[in-house]
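Trainee: Sequence and predicted structure below; questions after.
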Amino acid sequence: MCGICGIHGLENENSARERLNKMVSALNHRGPDAEGSYIDNNVALGHTRLSIIDLSGSANQPMSDPSGRYTLVFNGEIYNYRSLRKGLSEYPFQSNSDSEVLLAGLVKWGKAFLKECNGMFAFALWDRERQELLLARDRLGIKPLYYTRTGLRTVFASEIRSILQSGHISAELNKNALGDYLRYQTVHGTNTIVSGIYMVPAGSILSISDNEYHTESFWTPESDLESSVEQMSYDNVKGLVQERLSTAVKRRLISDVPMGAFLSGGIDSSAIVALASQHVSGSLKTFNINFQEGEFSEAKYARHVARMYGTDHMQIDLDPHILIDKLPSAIDAMDHPSGDGINSYVVSEAAKQAGITVALSGLGGDELFAGYPIFSQFYDLRDKGWLMSFPKFMRALGGSIYKKLRPGIGSEKIRQVITEDYLDLEYVYQYSREVISKENIEALLDQKPKSLDAVFNIVQDAVGVETTGFKMHRLSKVSYAELITYLQAVLLRDTDQMSMAHALEVRVPFLDHELVSLALSVPDRYKYPSSPKKLLVDSMGDFLPKEVHQREKMGFTFPWKVWMKNELKEFCSDSIADLAKRPEFSSKVLHSRWSRFLEDDPSVSWSRIWYLCILQSWMNRNGIN
């Protein structure tokens, strides 16, 4: 795992080297083991290295092929690099790294080689002969890659802060994306919270030259659907799910440095630990966060799994005083603001301090195996089509009455759903992930916000009923929506920035693209969540103890409500007061929301306050104008 950065369209080499050095320095936390740079007549490339595979200096980057035509900077891991290397026997390898296999494959087969790669990656490849720069990102968007374009100049990096250090763009708030953040606690798609900075889309290649600038996709989830799964028996599907997940875990155990695993005590992390324990020699190190507030703690389930598989288990006991001490550094670690992610910062720090450089995570299990309420809720909506026979004003009236009778966030979302024009996924999915409604956002801001429909637009383009030739099962469509919105924009981005703040690489077996393709191909009759993640649990069989899967899902979250009213009250109060001074926000509405939260108003949950505090603190610390 590493940090990459660069500039295409240079004015002069002296200026480029100074700017590149600043960009590289901003990424040192991602790769403390080595750094390097490459400057040609039209491009500058920088790299910071976290050594994982082949720890020798021969695997350092930037890395050029023997001819000097191609130069690569790469962040990530290619898990099947050993088998790929066998097909590149004519290449004069100088290292045993996956980076050089990627370079050799791109030299031989070009962009088509990416379809053969199993891994997580973001890279830049410079073709000196064609004067062309390629920027590419892995299929599921596990690794980030940002860029900005001013005139004929393109600046890219693994993190936004590195781009800002180039001096080619100022740190301005993207007001067009502010509404998206306020509605969903993040910014979706290719947009970011900083004006003029974008993300390379997942599964895509951006080609840049003096006379060319275009993006092409090399993979989408629906492109690899497996039609044969439709005819399989349930037993065969279970066997295939376990086989694919086990293979995905085994692939991600390749490392020349110490490894471990996050173990929350839930189904997903327990499944990963169970399978990893079958493939490692010795004890696997596992990590769990425990809270004083017992209703939030899953520590006893984590300990049960750890004993079952003989792991070297570490329990991190966390109280609000410890969190307060860590909060400033955790916010500093945020490259992009988010209402989530602090938990990843804490557990990543503990893993790194315990001598771990690579950690396995159960991230993605909920999205693939129907672990969230939206799966059953949307599936059951097909039986409520009769609601649409009523005029919209009657549905709106009924929703308003229901909200008054049962005030709270849930009733507000029900009101919004039943007043939509259709009950198709692209129309209702957005409400499952919104933090506050459009109406509340319009009240929160002094000017009418833009881009409030980012999730609707993304999901409609991906799984809309009018998408020509699109075929996917109902629950798989929900999974697809989760993968391309919440997973990418919140979970994966938070995991990357919080783990890499400690130079810790996190690997996510559930997002192996072969497992993803299988899960999206499974018919609804096998995946309906009549019990928590039924297909995954059944596929794991005796690997999962009943104590783990026969209980209510808790989720990996901190007791924020309790802390925000006590130990974190001063931080939140000051943040809201500072945010209220910004011209974009309504001071009156902000202070009212904070007061209502303190008074236990059911319509103002902790999450509807916390992400505003994080936004303000992040903007202050990053000098966002």
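Mentor: Arrived safely.
Trainee: Run through the strands of the stretch 101-250 of the chain in chain order.
Mentor: Here the stretch 101-250 of the chain has its strands, by DSSP state E, counting those that start in this stretch, at 119-127, 132-137, 146-150, 153-157, 198-199, 204-209, 212-217.
Trainee: same thing with the stretch 251-400 of the chain?
Mentor: With DSSP E, counting those that start in this stretch as the criterion, the stretch 251-400 of the chain has strands spanning 259-262, 285-291, 312-318, 358-360.
Trainee: List phi and psi for Tyr70.
Mentor: Per-residue torsions, Tyr70: phi -110, psi 140 (degrees, to the nearest 10).
Trainee: so what's it up against?
Mentor: Residues near Tyr70 by CB atoms under 8 Å, 6 or more residues apart in numbering: Ser64, Leu103, Leu106, Val107, Leu125, Trp126, Asp127, Arg128. Bear in mind the C-beta positions are built from the backbone N, C-alpha and C, glycine included.
Trainee: got a pLDDT number for the fourth one?
Mentor: What it means is Val107. Val107 is assigned 97 on the pLDDT scale.
Trainee: Surely it touches Pro66?
Mentor: No. At 9.3 Å, Val107 and Pro66 do not qualify as touching, with contact defined as CB atoms under 8 Å.
Trainee: These two: which is more packed in?
Mentor: Here Val107 and Pro66 are set side by side on neighbour count (other CB atoms under 10 Å), and the busier one is Val107, at 19 against 11.
Trainee: As a check, name the ranges of all helices in the stretch 101-250 of the chain.
Mentor: Applying DSSP state H, counting those that start in this stretch to the stretch 101-250 of the chain gives helices spanning 160-165, 175-184, 234-251.
Trainee: Tell me which residues are up against the longest one.
Mentor: Okay, so that is helix 234-251. 79-80, 118, 229, 232, 271-272, 275-276, 278-279, 360, 509-510, 512, 514-515, 518-519, 522, 526, 535-536, 538-541.
Trainee: again, 7 Å this time
Mentor: Residues outside helix 234-251 that contact it (CB atoms under 7 Å, 6 or more residues apart in numbering): 79-80, 118, 229, 271-272, 275-276, 279, 509, 512, 514-515, 518, 522, 526, 535-536, 538-540.
Trainee: Pull out the buried residues from it.
Mentor: Neighbour-count burial for helix 234-251 flags 237-238, 240-242, 244-251 (criterion: 16 or more other CB atoms under 10 Å).
Trainee: Quick one: mean pLDDT for that helix?
Mentor: 97.
Trainee: Might you calculate how far that helix sits from the centre of the chain?
Mentor: The chain centroid and the centroid of helix 234-251 are separated by 23 Å under CA atoms, centre = their mean, to the nearest Å.
Trainee: In JSON lines: the strands of the stretch 251-400 of the chain, plus distance to Ser605 and mean pLDDT.
Mentor: JSON lines is the format used below for the strands of the stretch 251-400 of the chain (distance: least, CB to CB, whole Å; pLDDT from 0 to 100):
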{"stretch": "strand 259-262", "distance to Ser605": "26", "mean pLDDT": "94"}
{"stretch": "strand 285-291", "distance to Ser605": "18", "mean pLDDT": "85"}
{"stretch": "strand 312-318", "distance to Ser605": "21", "mean pLDDT": "86"}
{"stretch": "strand 358-360", "distance to Ser605": "30", "mean pLDDT": "96"}
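Trainee: Which of the ones you listed sits closest to Ser209?
Mentor: Ser209 lies closest to strand 358-360 among these, at 36.2 Å (CB to CB).
Trainee: ok, and what's touching that closest one?
Mentor: 52, 252, 255, 257, 259-262, 272, 276, 351, 504-507, 509.
Trainee: how far does it sit from the chain's center?
Mentor: Taking mean C-alpha positions (CA atoms, centre = their mean), strand 358-360 and its chain are 16 Å apart.
Trainee: so what's the backbone phi/psi at the closest residue in space to Leu225 that isn't next to it in sequence?
Mentor: Leaving aside its sequence neighbours, Leu225 sits nearest to Ser521 (CB to CB, 6 or more residues apart in numbering; 4.9 Å). Phi and psi for Ser521, reported as degrees, to the nearest 10, are phi -90, psi -10.
Trainee: now what about stretch 78-97, what contacts it?
Mentor: Stretch 78-97 is contacted from outside by 53-54, 56, 58-59, 66, 98, 100-102, 104-105, 108, 116-119, 121, 251-252, 254, using CB under 7 Å, 6+ apart.
Trainee: quick one: low-confidence ranges for this structure?
Mentor: Applying pLDDT under 70 to the chain flags the ranges 12, 291-297, 383-422, 465-470, 549-558.
Trainee: now with 80?
Mentor: Applying pLDDT under 80 to the chain flags residues 1, 11-14, 291-298, 318-324, 380-423, 446-452, 464-471, 547-559, 625.
Trainee: So what are the structural domains in it, by residue number?
Mentor: Following automatic domain parsing, one gets these domains for the chain: 2-219, 223-363+492-549, 373-480, 560-621.
Trainee: isn't Ile272 right up against Pro509?
Mentor: Yes. Contact criterion CB atoms under 7 Å: Ile272 and Pro509 qualify, at 5.9 Å.
Trainee: what sits against the most centrally placed residue in the chain?
Mentor: In the chain, the residue lying closest to the centroid (CA atoms, centre = their mean) is Leu492, at 1.4 Å. Contacts for Leu492 (CB under 7 Å, 6+ apart) come out as Gly141, Ile142.
Trainee: now do Ile484
Mentor: With the criterion set at CB under 7 Å, 6+ apart, Ile484 makes contact with Ile458, Ala462.
Trainee: In three-state terms, how would it be classified?
Mentor: For Ile484, the secondary structure call by DSSP: H, G, I helix; E, B strand; the rest coil comes out as helix.
Trainee: Spell out, range by range, the strands that occur in the stretch 451-600 of the chain.
Mentor: So, for the stretch 451-600 of the chain - with DSSP E, counting those that start in this stretch - the strands run 505-507.
Trainee: Relative to Tyr486, which of the domains of the chain is closest?
Mentor: Of the domains of the chain, nearest to Tyr486 by CB to CB is domain 373-480, at 5.3 Å.
Trainee: For Val73, see how far away the nearest residue to Val506 once chain neighbours are set aside is.
Mentor: Using CB to CB, 6+ apart and skipping residues adjacent in sequence, the residue nearest Val506 is Ser499, 4.5 Å away. Going from Ser499 to Val73 by CB to CB, to the nearest Å gives 20 Å.
Trainee: just Gly364 next, same as before
Mentor: Gly364 is 27 Å from Val73, by CB to CB.
Trainee: Ser207 now?
Mentor: On the measure of CB to CB, Ser207 and Val73 end up 16 Å apart.
Trainee: Out of those two, name the residue with the larger neighbour count.
Mentor: Under the neighbour definition other CB under 10 Å, Ser207 and Val73 were set side by side, and Val73 has more, 28 against 17.
Trainee: Is it correct that that one is in contact with Phe123?
Mentor: Yes. Between Val73 and Phe123 there is a contact under CB under 7 Å: 6.4 Å.
Trainee: okay, and the common contacts of the two?
Mentor: Common neighbours of Val73 and Phe123 (CB under 7 Å, 6+ apart) are Ile4.
Trainee: In this structure Leu475 contacts Pro529, no?
Mentor: No. Using CB under 7 Å, Leu475 makes no contact with Pro529, being 8.3 Å away.
Trainee: Need the overlap of contacts for the two.
Mentor: Each of Ala370, Phe375 lies in contact with both Leu475 and Pro529 under the rule CB under 7 Å, 6+ apart.
Trainee: Those two - which one has more neighbours?
Mentor: Leu475 (26 against 18).
Trainee: how far away is the more buried one from Lys533?
Mentor: 12 Å.
Trainee: list residues touching both of the two?
Mentor: Ala370.
Trainee: Quick one: residues contacting the closest residue in space to Arg161 that isn't next to it in sequence.
Mentor: Spatial nearest neighbour of Arg161, chain neighbours left out: Ala26 (5.1 Å); criterion: CB to CB, 6+ apart. Listed by CB under 7 Å, 6+ apart, the contact set of Ala26 reads Glu159, Arg161, Ser162, Gln165.
Trainee: hmm, try it at 8 Å
Mentor: For Ala26, the contacting residues are Cys5, Ala157, Glu159, Arg161, Ser162, Leu164, Gln165, by CB under 8 Å, 6+ apart.
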